[in-house]
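Asks: got a sequence here, can you build the structure:
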Amino acid sequence: MTLYAGVMSGTSMDGIDVALVDFAGEAERPAGSDVVTFHTERYADDQRDRLREAVEEPRSGVRDLCALNFELGRLMADAVATACSVAGIAPGDLAAIGSHGHTVWHQPPGGLGDPPGATLQIGEGAVLAERLGVPVVADFRVRDVAAGGHGAPLTAYFDWLLLSSPDAARGVQNIGGMANLTALPRQGSDESPIAFDTGPGVALIDAAARALTRGKREFDVDGMMAAAGDVVPDALGEWLRDPFFTTAPPRTTGRERFGSAPLLEWLERHSILAGSDLMATISEVTARSIADSMRWVPFDLDEVYLCGGGARNPVLRERLEALLAPRPIRLLEALGWNGDAREAAAFALLARQHLLGVPASAPWATGASGPRVLGKLIPA
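Replies: Now for the predicted structure:
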């Protein structure tokens, strides 16, 4: 057994996800893989608020961001230790920890004046190595961005290695805070895979739920608020006219573009509408942007698998089933993978590939100038 831990904090800001994964063999494609344990350590309200401020309302300055970087490292170390305890192993049994951290700023390359890309993740990897006595591979995005890529979606490499099939062309649609698609041709096909961000996942939906309930709800439970309303075409169009949606891949986005600030402005402009109609409309933004993004896939997808928190929203699932018909829409669990664990498991894989010296960037997803070994190794 060669165990790796993957740890991350996603754009939904629910908490810290840890996956302990056993990867067999030393070839680029593991001979086998098994999620031994998946654990989520939920953020306390004040922790989530500080993260949200660091990402969307950076008022506190570099001193507080520096402190948050180390605090998040400690929280991640504790989450890994808890996952190990659940699995009945010691942290020292891990070959390495792959830590994505939490993205607080992401500037894709290109755009006005063609500026270079830049990206920043916090959750100090040295703190994990020090507290757990395990090698840590962290800061995965920056090498890809330095090579001219977007630094995301990094999970596309995991999908290509472990989820592609000789029998069907598959789409793996993650609906986290932001949403991204990996389109995988049939194994053996001459087609190349492609992956990119489709737009907002549940970030706008969650922000609307908080605003419309005055903080009583963090998200639209079972899509009930949206299900009670109707989509308002004019209000929907304001979002779908964003230039991001007509930008060809490679492309990435984040809360810098689809976060609380523009959402609150939109809610104010449409305050005359019923809350349920606003929620139905903002949910449709996610569903429509996912469905519309399929035009960038240069081959036909036979089936689409959903993962991430938004996959559990019945309104989103029903709309995607209608918009993507006749393609079957299933949860990733149908392939034997815990959909919530996929992203953390991907960073466990990236830690493995780093130790093996295997390039794990996917230029077909990120647009980088070539494959690169990702991450920075922090010895135990």
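Asks: which SSE is immediately downstream of the worst-scoring helix or strand of the chain on mean pLDDT?
Replies: Using mean pLDDT, DSSP states H and E, the weakest-scoring helix or strand in the chain turns out to be helix 45-56, at a mean of 84. Sequence order places helix 62-87 as the next helix or strand after helix 45-56, per DSSP states H and E.
Asks: and the contacts of the least confident helix or strand of the chain?
Replies: The contact list for helix 45-56 (C-beta atoms under 8 Å, 6 or more residues apart in numbering) reads 9, 13, 43, 59-60, 64-65, 68, 72, 75, 102-105, 122, 254-256, 259-261. Glycine gets a C-beta too; all of them are placed from N, C-alpha and C.
Asks: likewise for stretch 272-290?
Replies: Residues outside stretch 272-290 that contact it (C-beta under 8 Å, 6+ apart): 173, 175, 179, 181, 198-202, 204-205, 208-209, 212, 220, 223, 225-232, 235-236, 239-240, 245, 263, 266-267, 270, 310, 313, 315-316, 319-320, 323.
Asks: now that stretch: buried residues?
Replies: Residues of stretch 272-290 classed as buried: 273, 275-290 (neighbour count, 16 or more other C-beta atoms under 10 Å).
Asks: just how off-centre is that stretch within its chain?
Replies: Centroid separation for stretch 272-290 versus its chain: 21 Å, with C-alpha atoms, centre = their mean, to the nearest Å.
Asks: just the CA coordinates for it, please, in PDB.
Replies: What follows is stretch 272-290, C-alpha atoms only, in PDB (Å, rounded to 0.1, in the frame of the first residue of the first chain):
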ATOM      1  CA  ILE A 272     -38.700  44.300  -7.300                       C
ATOM      2  CA  LEU A 273     -38.600  40.600  -8.200                       C
ATOM      3  CA  ALA A 274     -39.700  37.900  -5.800                       C
ATOM      4  CA  GLY A 275     -36.800  36.100  -4.000                       C
ATOM      5  CA  SER A 276     -37.800  32.800  -5.400                       C
ATOM      6  CA  ASP A 277     -37.700  34.200  -9.000                       C
ATOM      7  CA  LEU A 278     -34.200  35.700  -8.300                       C
ATOM      8  CA  MET A 279     -33.000  32.300  -7.000                       C
ATOM      9  CA  ALA A 280     -34.500  30.500 -10.000                       C
ATOM     10  CA  THR A 281     -32.800  32.900 -12.300                       C
ATOM     11  CA  ILE A 282     -29.400  32.700 -10.700                       C
ATOM     12  CA  SER A 283     -29.600  28.900 -10.700                       C
ATOM     13  CA  GLU A 284     -30.400  29.000 -14.400                       C
ATOM     14  CA  VAL A 285     -27.100  31.000 -14.900                       C
ATOM     15  CA  THR A 286     -25.200  28.000 -13.800                       C
ATOM     16  CA  ALA A 287     -27.200  25.400 -15.700                       C
ATOM     17  CA  ARG A 288     -27.200  27.400 -19.000                       C
ATOM     18  CA  SER A 289     -23.500  28.300 -18.800                       C
ATOM     19  CA  ILE A 290     -22.700  24.600 -18.300                       C
END
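Asks: tell me the mean pLDDT over it?
Replies: Per-residue pLDDT values over stretch 272-290 give a mean of 98.
Asks: just stretch 70-82 next, same as before
Replies: In this model, stretch 70-82 has a mean pLDDT of 97.
Asks: which outside residues touch that stretch?
Replies: Outside stretch 70-82, the residues within contact range by C-beta under 8 Å, 6+ apart are 5, 7, 9, 16, 18, 39, 41, 47, 51, 91, 97, 99, 101-102, 122-128, 131-132.
Asks: got the CA positions of that stretch in CSV?
Replies: Provided in CSV are the C-alpha atoms of stretch 70-82 (Å, rounded to 0.1, in the frame of the first residue of the first chain):
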residue,chain,number,x,y,z
PHE,A,70,-0.4,30.0,8.5
GLU,A,71,-3.7,29.5,10.2
LEU,A,72,-5.1,27.6,7.2
GLY,A,73,-1.9,25.5,7.2
ARG,A,74,-2.6,24.5,10.8
LEU,A,75,-6.3,23.7,10.0
MET,A,76,-5.3,21.6,7.0
ALA,A,77,-2.7,19.7,9.1
ASP,A,78,-5.4,19.0,11.7
ALA,A,79,-7.8,17.8,9.0
VAL,A,80,-5.2,15.4,7.6
ALA,A,81,-4.5,14.1,11.1
THR,A,82,-8.2,13.5,11.7
